[in-house]
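Peer 1: sequence-free structure coming up:
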């Protein structure tokens, strides 16, 4: 008997043996086991117990079966006790043998009738002399007159009496007379189906005769009675037949075939039976209709609930969805969505928008389905397939990436013969720039300069998505920094070839081999060390080896065989967008294919417009722009988001229609991602006890900087202080921004923008705080400091000193005065004190008074004596230690 382990208590119950007996037996076999009834027995141990105590187990099973049998018999016979009449049998001739049926019934109830036999007279020699006299009969049909005789269940009492009588006959000795017991039997008919007895011919038409109402004197017998159809007797030996006329008598030689039962008849009978079972109780037709309507309404409601549950798991969204909005719709934390993106090799920030494929994969990991409502809008834009003969060579797009202050912009300045770094606030790049460079041999190259600060993660990712070759700059006197590793990851995710430029080799602490070693630790081997990545040592300040770096870049570009079709409508990517007071919305774009001309209808995201003017990075007017050329465009009706794709369309009405649909989808998306406060959130805030919110309005010069600053500020949120970006936009701070801040109790942060005169006056009247910054990390530091000021301070305890009680004095109406000697520190009059006796704190309170000699003093220093008493506490003894302390508030840090 091999199986699962069994508990000791259960084994004892099955074997019908006590637990101590089982434990004693197992210990005799050398098996040690715990006395706990929940102790598990191994299968082999249980087999030993079954072999040993098999008899006890069989005895228990027999007793259970006997108890069940007696209970079943008592239940089946209890209801018929009062209904059965008693029948007595006597011997007519000798009066020696008497069988009382009532006694037999009593014996059947008690369970003793099975073992007993009727007593016969001892002096009986002839068995023929013993006869049974029939006194009466039991009318079985009178037991239940309401049911049909052929449908009645057999009487359990009569069956038991029958069994007893059979046993009496079996056990009577052969020499004695047989008892003749008359048994009343009845036949039980089993219905085998409907029997067609005949047909009734109904008259076609009967002439209507006027009927006269019966008079009151007529008796009730004169009413017309229903004519009954007499049953036709059928010969049992003949086959199934029926009278020819339907009502005539049966003729033996006549045969007929029974009608076959079809599948439709069976299904009809089943439906009617189910209908009768479901509509029991004799309800009216109206009540049945009401019930069916209620059932139908309940079924519809259940279907609606199921559809609502399914709809909750379907996200209706567009491709223009950020990580924060996607997390809000799925009711998860943004960090969980970012982690899911990182597992896919995508480094996304909280405000970075995701493409349709990434959204679908991430939503599937959280158990949601996606439905892109902008699919038909996107399909409305026709994509022209390029023919091989239409493709021409285009300049390569190179993105310069790396850590902050490693020399990216300085390298571009040397290549372009410009000085961009002096124009940047703080000497660091905070915008993504696009520049077109023409080399001495006439070849052109397009460079993208990305910021290196950690807040500009989205900008670096955007630069890696539109580039052909990436230059990763690392300072020779520094290490491979986190932003450098992040830039490498972005380039690898975009499958872009990388060229490493080790800058600042002219500085005294430069060590290029250390940089190569750190890159090799990241599984990146340069060509000098036998790898596949090109590497060049340069100095942007001294203009060393920059031409060699450009040659390697051109070599990578030639391998890629970059080609584009200039003879079609332009398609490209938005790099930056800003709002100029005199020009309006200015959008920096990078044309990837086709040619864009002045006057073209352009569609960018949810905005459209007509190209009024184009400029290059030097401000020169352009009439057209070909592939891989960065331009600054005027005429778009809004500030599109950085990274949006733009298309040049032939019809302005088509562009307007698509833009309006996208605007509508954008508003619906905003409504779906609006997250209201829930009971769970209220409970969480109450549990924290001191929850605060900081509402911020962000205005900046370009969309990329606003995105980076908003992302950095949202990352400062803690469980106790939540930062909400209620609005962000491009352009100067206006009166509308001040009114919004006044209504939502927010502060305004301006990044390289200034408020207008009217907005500044309104802010002073409304007492709205406007903070202006030019460097992003200064804005982050000040907001962080403001959050720390909002936090409730921590209370810390500072011990001031201790004194020993040398003597005690009891003074009436004053209490117990302690004469103390200050051991260390200082005892202040305002400080709190503890009474410590044998190392145990006895009391904590405040001083009632502090004196030296007869004078009240504010404090007593080390090695001085003093007298003091403790407010509302007099249980002080000689030798106790008085410890003075005070509670200090300490500012909390994030």
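Peer 2: All right, it came through fine. Because the structure is a prediction, the values reported are computed rather than measured.

Peer 1: is it true that residue 386 touches residue 567?
Peer 2: No: when contacts are counted by Cβ atoms under 8 Å, residue 386 is not listed as touching residue 567 (9.4 Å). Placement of C-beta: from N, CA and C, glycine included.

Peer 1: the more surrounded of these two?
Peer 2: Relative neighbour count places residue 386 above the other of residue 386 and residue 567, with 15 against 12, counting by other Cβ atoms under 10 Å.

Peer 1: give me the mean pLDDT for the helix ranked longest in the chain.
Peer 2: Residue-count comparison of every helix in the chain, with assignments taken from DSSP state H, identifies helix 285-312 as the longest. Per-residue confidence for helix 285-312 averages out to 79 on the pLDDT scale.

Peer 1: so where do the strands sit in the stretch 701-850 of the chain?
Peer 2: Across the stretch 701-850 of the chain, reading from the start of the chain, the strands by DSSP state E, counting those that start in this stretch fall at 721-730, 746-751, 770-773, 794-811, 815-825, 827-828, 832-837, 840-852.

Peer 1: list of residues touching the fourth one?
Peer 2: Spelled out, that is strand 794-811. Residues outside strand 794-811 that contact it (Cβ atoms under 8 Å, 6 or more residues apart in numbering) are 816-828, 831, 860, 862, 865-866, 868, 876-892.

Peer 1: isn't residue 402 up against residue 486?
Peer 2: No: the pair residue 402 and residue 486 fails to qualify as a contact (Cβ under 8 Å) at a distance of 10.0 Å.

Peer 1: who has more neighbours, these two?
Peer 2: Looking at residue 402 and residue 486 with other Cβ under 10 Å, you find the greater number of neighbours at residue 402, namely 27 against 18.

Peer 1: contact partners for that one?
Peer 2: 408, 452, 472, 473, 474, 483, 484, 487.

Peer 1: among these, which one sits closest to residue 336?
Peer 2: Proximity to residue 336 was ranked across these by Cβ to Cβ; first place goes to residue 483, at 23.9 Å.

Peer 1: gap between that closest one and residue 752?
Peer 2: With distances taken as Cβ to Cβ, to the nearest Å, residue 483 is found 21 Å from residue 752.

Peer 1: go on, residue 401?
Peer 2: The spacing between residue 401 and residue 752, counted by Cβ to Cβ, is 22 Å.

Peer 1: just checking, residue 564 touches residue 629?
Peer 2: No: judged on Cβ under 8 Å, residue 564 makes no contact with residue 629 at a distance of 10.6 Å.

Peer 1: and residue 483 and residue 752? Which one has more around it.
Peer 2: It is residue 483, of residue 483 and residue 752, that has more neighbours when counted by other Cβ under 10 Å, with 21 against 18.

Peer 1: isn't that one up against residue 405?
Peer 2: No: contact status for residue 483 versus residue 405: not in contact, 10.3 Å apart, counting by Cβ under 8 Å.

Peer 1: check the offset of the longest helix of the chain from the chain's centre.
Peer 2: In terms of Cα atoms, centre = their mean, to the nearest Å, the centre of helix 285-312 is found 27 Å from the chain centre.

Peer 1: which neighbours does the very next helix or strand once past that helix have in its sheet, and in what orientation?
Peer 2: Past helix 285-312, further along toward the C-terminus, the next helix or strand under DSSP states H and E is strand 314-317. Neighbouring strands of strand 314-317 in its sheet, by DSSP bridges, are strand 369-372 (parallel).

Peer 1: so how far is the strand it pairs with from its chain's centroid?
Peer 2: On the basis of Cα atoms, centre = their mean, strand 369-372 sits 17 Å off its chain's mean C-alpha point.

Peer 1: buried sites along it?
Peer 2: Of the residues in strand 369-372, 370, 372 count as buried by neighbour count, 16 or more other Cβ atoms under 10 Å.

Peer 1: what of stretch 866-874?
Peer 2: Residues of stretch 866-874 classed as buried by neighbour count (16+ other Cβ under 10 Å): 866, 867, 868, 869, 870, 873.

Peer 1: and if you look at stretch 485-505?
Peer 2: Residues of stretch 485-505 classed as buried by neighbour count (16+ other Cβ under 10 Å): 486-491, 494, 496-505.

Peer 1: quick one: end-to-end distance for that stretch.
Peer 2: When the termini of stretch 485-505 are compared using Cα to Cα, to the nearest Å, they are 20 Å apart.

Peer 1: mean confidence for it?
Peer 2: pLDDT averaged over stretch 485-505 equals 84, rounded to a whole number.

Peer 1: can you offset everything so residue one is 619?
Peer 2: Sure thing, new numbering starts at 619, so read that last one as stretch 1103-1123.
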